[in-house]
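**Student:** sequence and computational prediction follow.
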Amino acid sequence: MRTGNRRWQALGLIAAAQFMVIMDTSIIGVALPRIQEDVGFTPHNLSWVFNAYVVAFGGLLLLGGRLSDLFGARRLFTAGWAILLAGSAVAGAAGSVPAELTGRAVQGLGAALIAPAALTLLMTLFGSTPRDLTKALAVYGAAAPAGGTVGVFLGGVITEYLTWEWVFYINIPVAAAAVALTPVLMPAGARSRGGVDLIGAATVTAGLAALVYGIVAAPERGWTDAGTIGALTAAVLLLGGFVVIQAWRRNPLMRLGIWRSPGLAAANLAQALLGAAWIPMWFFLNLYLQQVLGYSAFPSGAALLPMTALIMIGMIVLAPRGIARFGTKTLTVAGMAVLAAGMGWLAFVPASGSFWIDVLPPSLLAALGMSLAFIPSLGTALSAARPEEGGLAAGIVNTSYQVGSALGLAGMTAVAAAYGATQLGDKVALTGGYSAAFTGAALIALAGAALAAITLPRPASPAPAESTVEVPAG
């Protein structure tokens, strides 16, 4: 097999990793009532079937990135798939609440190893060729919305025609194939010297887990609840302690100087704000379709397909051309502004709305903005770091997006509840709550556009449309 062909086949496996990591957050939604009935969850703790995955995933990403640098991205990629397989088997076979949550947390651990290793492998395979790197990032980026939408579809089909256990068991053959194919398709990759900063790893993992826990629990428990305040206070103290530890460690988990790399902090801020705006929009649009327009889960997933298709086209076709013509900074700013416009339009949805008139046009505009902003900001964040810190940079940018998503969703959930989204059955009140969430998400995206315009570095000379695509280097 020629090396060039194998490189693109490896990209297919990397994209499959991104697809599965995101799909595992959305596939369980339709199955939750069946899981509640069979396993014995209460309405109060059912949400932790979702949250256990998110907390483990978000809390362990930075550690996963550093381990990828120390032990090799291919080795961590394989280990992550093996752990995801084990967690899926436990979650599917679980007959009790603790076993189910354990399985989901193990799935999150596997995802936290897979995600940064996948991006490191992508940079290893394509980083030396800027044009191919942009194409590879586009394929990788497009896999995320595809995973989210297919997860909703697949969850409905599996729950309807099989049993809920298969929303977890479906991961097993995919993970087994990935474990078998990784040694064949993926390069061994470089390994950096140094040991594992166990104190730093424990501190930042606990801090990020406490932060994500506090964020995802706040809409249910309240922002003034003692548990929420305690979790967020612990997060601040632990993350502050982590920074202090990193400053004096000889081989730190995260070299603090990495943040001086041109564009790294700004690109991560853009990714965090993209997640904080996009995920609430996707979440509340799904609720509007089901609870106001009366769509069932399967038609609701179908209604999201045009948006998903446009994101994939935008990331694979439009974003690379836009980067070539206008540069990464201009495209990031423009994309976030278009995203804000689409969500601002969605804020005007009426209680007696029509999908074709009130939902489809603004959702497509928002999808276009997301597809234009995601790839250039991701590429800037990854290429700003040293090659030997590729895994760390990947872990940081994944953490930024995931924590931003969790914070944005928690915040907009609180906004929606304050404006009537808890009044089930009252379409007018529900619409008011969802409109408020769309407005808040639009403001987040608008702030992201403004901050990107101020903070992102501008390439010295944007390449013309027909020439090689340049991604800023650190």
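**Tutor:** Alright, I've got the coordinates. Numbering: from 1, shown residues only.

**Student:** quick one: low-confidence ranges for the stretch 301-450 of the chain?
**Tutor:** Within the stretch 301-450 of the chain, no stretch has pLDDT under 70.

**Student:** and the residue sitting nearest the centre point of the chain, how far is that from residue 143?
**Tutor:** In the chain, the centroid-proximal residue (C-alpha atoms, centre = their mean) is residue 402; its distance is 5.0 Å. The gap separating residue 402 from residue 143 is 16 Å, by C-beta to C-beta, to the nearest Å. Backbone N, C-alpha and C define where each C-beta goes, glycine included.

**Student:** same deal with residue 257?
**Tutor:** 32 Å.

**Student:** go on, residue 425?
**Tutor:** 37 Å.

**Student:** regarding the protein, what is its longest helix?
**Tutor:** Secondary structure assigned by DSSP state H gives helix 130-161 as the longest helix of the chain.

**Student:** show me what it is packed against.
**Tutor:** helix 3-26, helix 97-126, helix 166-169, helix 297-303, helix 305-313, helix 319-326, helix 360-383 (3 or more C-beta pairs under 8 Å, 6 or more residues apart in numbering; DSSP states H and E).

**Student:** as JSON lines, those helices with distance to residue 200 and mean neighbour count would be great.
**Tutor:** As requested, the helices and strands packed on helix 130-161 are exported to JSON lines (distance: least, C-beta to C-beta, whole Å; neighbours: other C-beta atoms under 10 Å):
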{"stretch": "helix 3-26", "distance to residue 200": "24", "mean neighbour count": "20"}
{"stretch": "helix 97-126", "distance to residue 200": "16", "mean neighbour count": "25"}
{"stretch": "helix 166-169", "distance to residue 200": "33", "mean neighbour count": "22"}
{"stretch": "helix 297-303", "distance to residue 200": "41", "mean neighbour count": "19"}
{"stretch": "helix 305-313", "distance to residue 200": "36", "mean neighbour count": "19"}
{"stretch": "helix 319-326", "distance to residue 200": "35", "mean neighbour count": "22"}
{"stretch": "helix 360-383", "distance to residue 200": "21", "mean neighbour count": "26"}
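
**Student:** relative to residue 178, which of the ones you listed is closest?
**Tutor:** helix 3-26 (6.2 Å; C-beta to C-beta).

**Student:** ramachandran coordinates for residue 95?
**Tutor:** With angles defined as degrees, to the nearest 10, residue 95 sits at phi -120, psi 10.

**Student:** give the contact list for it.
**Tutor:** residue 39 (C-beta atoms under 8 Å, 6 or more residues apart in numbering).

**Student:** equivalent analysis for residue 392, please.
**Tutor:** 62, 65-66, 69, 116, 254-255, 258, 385.

**Student:** and it, what element?
**Tutor:** helix 390-418 (DSSP states H and E).

**Student:** residue 295 in helix, strand or coil?
**Tutor:** coil (DSSP: H, G, I helix; E, B strand; the rest coil).

**Student:** could you do residue 128 as well?
**Tutor:** Classified using three-state DSSP, residue 128 is coil.

**Student:** could you count how many residues lie near it?
**Tutor:** 10 (other C-beta atoms under 10 Å).

**Student:** how far away is residue 322 from residue 256?
**Tutor:** For residue 322 relative to residue 256 (C-beta to C-beta), the value is 33 Å.

**Student:** which residue ranges make up the domains of this protein?
**Tutor:** 1-196, 256-474 (automatic domain parsing).

**Student:** would you format the ones you listed as TSV with distance to residue 223 included?
**Tutor:** Formatted as TSV, these follow (distance: least, C-beta to C-beta, whole Å):
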stretch	distance to residue 223
domain 1-196	16
domain 256-474	7
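
**Student:** if we can go back for a sec, neighbour count: residue 425 and residue 143, which is higher?
**Tutor:** Between residue 425 and residue 143, residue 143 has the larger neighbour count (other C-beta under 10 Å), namely 25 against 7.

**Student:** my guess is that one meets residue 15, correct?
**Tutor:** Yes - between residue 143 and residue 15 there is a contact at 4.2 Å, judged by C-beta atoms under 8 Å.

**Student:** how many degrees apart are the longest helix of the chain and helix 97-126 in direction?
**Tutor:** Taking axes from the mean of the first three to the mean of the last three C-alpha atoms, to 10 degrees, one finds helix 130-161 and helix 97-126 inclined to each other by 160 degrees.

**Student:** in helix 130-161, what counts as buried?
**Tutor:** 130-159 (16 or more other C-beta atoms under 10 Å).

**Student:** average model confidence for that helix?
**Tutor:** Helix 130-161 shows a mean pLDDT of 83.

**Student:** now do that helix against helix 305-313, angle only.
**Tutor:** Computed by the same axes, to 10 degrees, the angle between helix 130-161 and helix 305-313 is 160 degrees.

**Student:** how far does helix 130-161 sit from its chain's centre?
**Tutor:** Helix 130-161 sits 11 Å away from the centroid of its parent chain (C-alpha atoms, centre = their mean, to the nearest Å).

**Student:** any weak-confidence spans in the stretch 1-150 of the chain?
**Tutor:** Ranges of the stretch 1-150 of the chain meeting pLDDT under 70: 1-4, 43-44.

**Student:** buried stuff in whichever strand or helix holds residue 177?
**Tutor:** Element membership for residue 177, per DSSP H and E: helix 171-185. Burial within helix 171-185, assessed by neighbour count using 16+ other C-beta under 10 Å, is assigned to 171-172, 174-175, 178-179, 181-182, 185.

**Student:** so it versus helix 3-26, what angle?
**Tutor:** Here the directions of helix 171-185 and helix 3-26 differ by 160 degrees (the same axes, to 10 degrees).

**Student:** what's in contact with helix 171-185?
**Tutor:** For helix 171-185, using C-beta under 8 Å, 6+ apart, the contacting residues are 6, 9-10, 13, 16-17, 20, 24, 74, 77-78, 81-82, 84-85, 88-89, 107.

**Student:** one more time with 6 Å
**Tutor:** Residues outside helix 171-185 that contact it (C-beta atoms under 6 Å, 6 or more residues apart in numbering): 6, 9-10, 13, 77-78, 81-82, 84-85, 88.

**Student:** now stretch 154-169
**Tutor:** Counting by C-beta under 6 Å, 6+ apart, 27-31, 34-35, 88, 91-92, 297-298 sit against stretch 154-169.

**Student:** now do stretch 429-448
**Tutor:** 270, 273, 276-277, 280-281, 284, 288, 291-292, 336, 339-340, 343-344, 346-347, 351, 412, 415-416, 419-421, 423.

**Student:** how many neighbouring residues does the residue nearest to residue 395 when sequence neighbours are not counted have?
**Tutor:** Once flanking residues are discounted, residue 395 sits nearest to residue 65: 2.0 Å by C-beta to C-beta, 6 or more residues apart in numbering. Residue 65 has 32 neighbouring residues, counting by other C-beta under 10 Å.

**Student:** okay then, goodbye and thanks.
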